[in-house]
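Engineer: predicted model and sequence below, questions to follow.
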Amino acid sequence: MESKQSFDKAKKKYLKTLEQYVAVVARVHGKSHPEFYEVQKVFDRMVEKIKGAKKELPELGQEFDSLRRITENYNVPEDVCESYEAVYQMLEELDRAYHK
């Protein structure tokens, strides 16, 4: 129950911003950081699951595993903007909240 409450709180705090930022970061940094296109695909799947889950906790374990692998545990590349960094920080917070 605690993980659902924790995740719901993080989701409410970050999801709308992430939906905006992920698309922008993919457009701006995708060519030089093609791994971000994979982040975008995984994030889009997560959004579908979250919106389809209604009140229950969506099954996102596989997506968070993929994100940690793709991002090397949310390690921000040195040559990116603050929005890129913010996306990784928000995704990491969602991940932590989900696994509480």
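Structural biologist: Perfect, I can see it now.

Engineer: wait, what's in contact with the most centrally placed residue in the chain?
Structural biologist: With distances taken as CA atoms, centre = their mean, the residue of the chain nearest its centroid is L91 (3.5 Å). Residues counted as contacts of L91 (CB atoms under 8 Å, 6 or more residues apart in numbering) are L18, V39, F43, L67, T71, Y74. For glycine as for every other residue, the C-beta is placed from the backbone atoms N, C-alpha and C.

Engineer: look up how far K54 lies from it.
Structural biologist: L91 sits 22 Å away from K54, taking CB to CB, to the nearest Å as the criterion.

Engineer: and E72, by the same measure?
Structural biologist: Separation of E72 from K54 (CB to CB) stands at 33 Å.

Engineer: so these two - more neighbours on which side?
Structural biologist: E72 (10 against 7; other CB atoms under 10 Å).

Engineer: and the more buried one, how far from V24?
Structural biologist: Distance, E72 to V24, using CB to CB: 22 Å.

Engineer: against E56, how distant is H29?
Structural biologist: For H29 relative to E56 (CB to CB), the value is 34 Å.

Engineer: which one of these two has more residues nearby?
Structural biologist: Using other CB under 10 Å as the criterion, H29 and E56 rank with H29 on top: 20 against 8.

Engineer: and the pLDDT for the more buried one?
Structural biologist: At H29, the pLDDT value in this model is 96.
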